[in-house]
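Chemist: Test case, fold it:
(2 chains)
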Number of protein chains: 2
Amino acid sequence: AIVAELARLDGGGALAGLSVLVSAGPTYEDIDPVRFIGNRSSGRMGFAIAEAAAAQGAAVTLVAGPVHLPTPPGVAERIDVRSAREMREAVHAAAAHCDIFVSAAAVGDYRPAEVSTHKLKKSGDAGLALALVQNPDILAEIAALPRRPFLVGFAAETRDVDAYARGKLAAKGVDMIAANRVGDGAGFESERNALHLYWPGGDVALAEAPKRELADALLARVAERYRRTRTEHA
Amino acid sequence: AIVAELARLDGGGALAGLSVLVSAGPTYEDIDPVRFIGNRSSGRMGFAIAEAAAAQGAAVTLVAGPVHLPTPPGVAERIDVRSAREMREAVHAAAAHCDIFVSAAAVGDYRPAEVSTHKLKKSGDAGLALALVQNPDILAEIAALPRRPFLVGFAAETRDVDAYARGKLAAKGVDMIAANRVGDGAGFESERNALHLYWPGGDVALAEAPKRELADALLARVAERYRRTRTEHA
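Modeler: Coordinates of the predicted model:
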């Protein structure tokens, strides 16, 4: 609490003096030079978190997948990427020297096993089987680093949100999971959202609100948990 | 030539008095509530054609896939769709009462054989095979209608543009193919483009230009070919 109070005095804001990395948006995995596998993440939640973190005094690095969004005010650095492997590289480079990593990007779990150099042509009336391989699990990789930042993962689920989120918290070894239900117009491609936060030993529901407001509420909890874990470990 | 001159006098513009349908943008084919197969079409070429057609006096209907573009000035009607099957429905409804159909959309050739109601979960470290089936060929369907509009198809190719375009002209039974090379930054996701137009018995290269200028040059050729085929058939 004393550290937090000192931080607030030092330039104001619950995250003053801290370096925060935020990943946002989808990843696109190329099938050929024209086609790709994508997902519906608009990047708005991640961009709202980056904006809110900067407003709370953090030095913010934003790694963004393919989105149509301007860089939020106050964000110190933005790195645009397309594929999960590009995002992995950018996140690893930035995570090495940040205090908190909020992984809000919807990283594609799979990519085509092979990327065709030329546009695939239809052949006859037949279908085809597209072979997919798993992408690296960026959050799990960062969690396994010897000196790792405070980690916030996201879980976007269409059902059983609670069970998946608690499972992800344990399996990935992260400090917090922000879970939301998607589908039927909720979550993605919307200006509003609701989140349920889980951490080892606790959870809280953040009611539906504009994404920027929700980002403030999320970061207040992150700052609190961050100070607590750092005090416990010190 | 007399018809074209009369049309120009009647309200000005090479397409005055004509109803023009333009399709634009990509289609997205859902894999599950979160993931989809898309393509890199930005919709800019199609939107430029819709704007140019309206400026030339046409009554324009624009059927647009998922894009981030405002409706161009003068466009009478815009219908937003997502999948190839939604685009097919919108195009069939509008094509029934239009004089010219410019099919600039990059309609996905394939879609997942099944759409999962819930988000697919990773299982172990294994890859997976995504089964795809062919989408309807909207342009070929419109070409087969007993009373069909003047048809302009697009061919976006990464190589052998000339051969594919001439093949498409013959195979689909359309009146004109506008072909361009894509990949390496050309064509898609760019403000500029170059086109090569093919019609039965002739072709012309339109040099690289901003998409709006290129749309004017394309429509000048379309208007000329439209008047000629209508005179020949009359």
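
Chemist: what packs against the helix or strand where A:Arg221 lies?
Modeler: Element membership for A:Arg221, per DSSP states H and E: helix A:211-233. Judged by 3 or more CB pairs under 8 Å, 6 or more residues apart in numbering or on different chains; DSSP states H and E, helix A:211-233 is in contact with helix A:2-9, helix A:44-55, strand A:100-103, strand A:150-157, strand A:176-181, strand A:192-199, strand A:202-210. For every residue, glycine as well, the C-beta is placed using N, CA and C.

Chemist: Pipe the ones you listed into JSON lines and attach mean neighbour count, mean pLDDT and distance to chain B per row.
Modeler: Below are the helices and strands packed on helix A:211-233 laid out as JSON lines (neighbours: other CB atoms under 10 Å in any protein chain shown; pLDDT from 0 to 100; distance: least, CB to the nearest CB, whole Å):
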{"stretch": "helix A:2-9", "mean neighbour count": "13", "mean pLDDT": "50", "distance to chain B": "36"}
{"stretch": "helix A:44-55", "mean neighbour count": "27", "mean pLDDT": "97", "distance to chain B": "13"}
{"stretch": "strand A:100-103", "mean neighbour count": "27", "mean pLDDT": "98", "distance to chain B": "16"}
{"stretch": "strand A:150-157", "mean neighbour count": "24", "mean pLDDT": "92", "distance to chain B": "6"}
{"stretch": "strand A:176-181", "mean neighbour count": "23", "mean pLDDT": "92", "distance to chain B": "10"}
{"stretch": "strand A:192-199", "mean neighbour count": "20", "mean pLDDT": "92", "distance to chain B": "15"}
{"stretch": "strand A:202-210", "mean neighbour count": "13", "mean pLDDT": "94", "distance to chain B": "19"}
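
Chemist: is it possible to export these to TSV including distance to A:Gly25?
Modeler: Formatted as TSV, the helices and strands packed on helix A:211-233 follow (distance: least, CB to CB, whole Å):
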stretch	distance to A:Gly25
helix A:2-9	29
helix A:44-55	6
strand A:100-103	12
strand A:150-157	12
strand A:176-181	16
strand A:192-199	15
strand A:202-210	18
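
Chemist: Could you tell me the average pLDDT over the host helix or strand of A:Arg88, please?
Modeler: Assigned by DSSP H and E, A:Arg88 falls within helix A:84-95. Averaging pLDDT along helix A:84-95 yields 97.

Chemist: That helix and chain B in contact?
Modeler: No: using CB under 8 Å from any CB of the partner chain, helix A:84-95 stays clear of chain B, coming no nearer than 12.5 Å.

Chemist: What residues are bridge-paired with the residue nearest to A:Thr71 when sequence neighbours are not counted?
Modeler: Leaving aside its chain neighbours, A:Thr71 sits nearest to A:Arg78 (4.8 Å; criterion: CB to CB, 6 or more residues apart in numbering or on different chains). With DSSP bridges applied, the residues forming beta bridges to A:Arg78 are A:Leu62.

Chemist: Enumerate every residue touching the residue sitting nearest the centre point of chain A.
Modeler: Centroid-nearest residue in chain A: A:Ala104, 1.6 Å away (criterion: CA atoms, centre = their mean). Neighbour list for A:Ala104: A:Val22, A:Ser23, A:Ala24, A:Met45, A:Gly46, A:Ile49, A:Phe154, A:Ala178 [criterion: CB atoms under 8 Å, 6 or more residues apart in numbering or on different chains].

Chemist: is it true that the fifth one touches A:Ala106?
Modeler: The reference is to A:Gly46. No: counting by CB atoms under 8 Å, A:Gly46 sits too far from A:Ala106 to count as a contact (9.0 Å).

Chemist: Give the residues shared as contacts by these two.
Modeler: A:Gly25.

Chemist: Does the residue nearest to A:Thr71 touch A:Val60 like I think?
Modeler: No: contact status for A:Arg78 versus A:Val60: not in contact, 9.1 Å apart, counting by CB under 8 Å.

Chemist: between these two, who's got more neighbours?
Modeler: Taking neighbours as other CB atoms under 10 Å in any protein chain shown, A:Arg78 and A:Val60 compare with A:Val60 leading, 28 against 18.

Chemist: Next, the residue of chain A positioned farthest from its centre: secondary structure please.
Modeler: When distances are taken from the C-alpha mean of chain A, A:Gly124 lies farthest, 41.7 Å away, according to CA atoms, centre = their mean. For A:Gly124, the secondary-structure state derived from DSSP: H, G, I helix; E, B strand; the rest coil is coil.

Chemist: residues in contact with it?
Modeler: Counted by CB under 8 Å, 6+ apart, A:Gly124 has zero contacts.

Chemist: Checking my notes, A:Arg166 in a strand, right?
Modeler: No: the assignment for A:Arg166 (three-state DSSP) gives helix, which keeps it out of a strand.

Chemist: That one and B:Val174: what is the separation?
Modeler: Distance, A:Arg166 to B:Val174, by CB to CB, to the nearest Å: 56 Å.

Chemist: residue contacts, A:Ile100?
Modeler: By CB under 8 Å, 6+ apart, the contact set of A:Ile100 is A:Leu15, A:Leu18, A:Ser19, A:Val20, A:Leu21, A:Ala58, A:Pro149, A:Phe150, A:Leu151, A:Val152, A:Val222, A:Tyr226.

Chemist: pretty sure the first one is touching A:Ile49, no?
Modeler: No: between A:Leu15 and A:Ile49 no contact is recorded; they are 11.0 Å apart, counting by CB under 8 Å.

Chemist: Quickly list what's touching both of those two.
Modeler: A:Leu219.

Chemist: Kindly export stretch A:59-66 (C-alpha atoms) in CSV.
Modeler: Presented in CSV, the C-alpha positions along stretch A:59-66 are these (Å, rounded to 0.1, in the frame of the first residue of the first chain):
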residue,chain,number,x,y,z
ALA,A,59,4.9,3.7,-20.2
VAL,A,60,2.9,1.7,-22.7
THR,A,61,4.0,-0.5,-25.5
LEU,A,62,1.2,-1.7,-27.8
VAL,A,63,1.6,-4.8,-30.1
ALA,A,64,-1.3,-4.8,-32.5
GLY,A,65,-2.6,-7.4,-34.9
PRO,A,66,-4.3,-6.2,-38.2
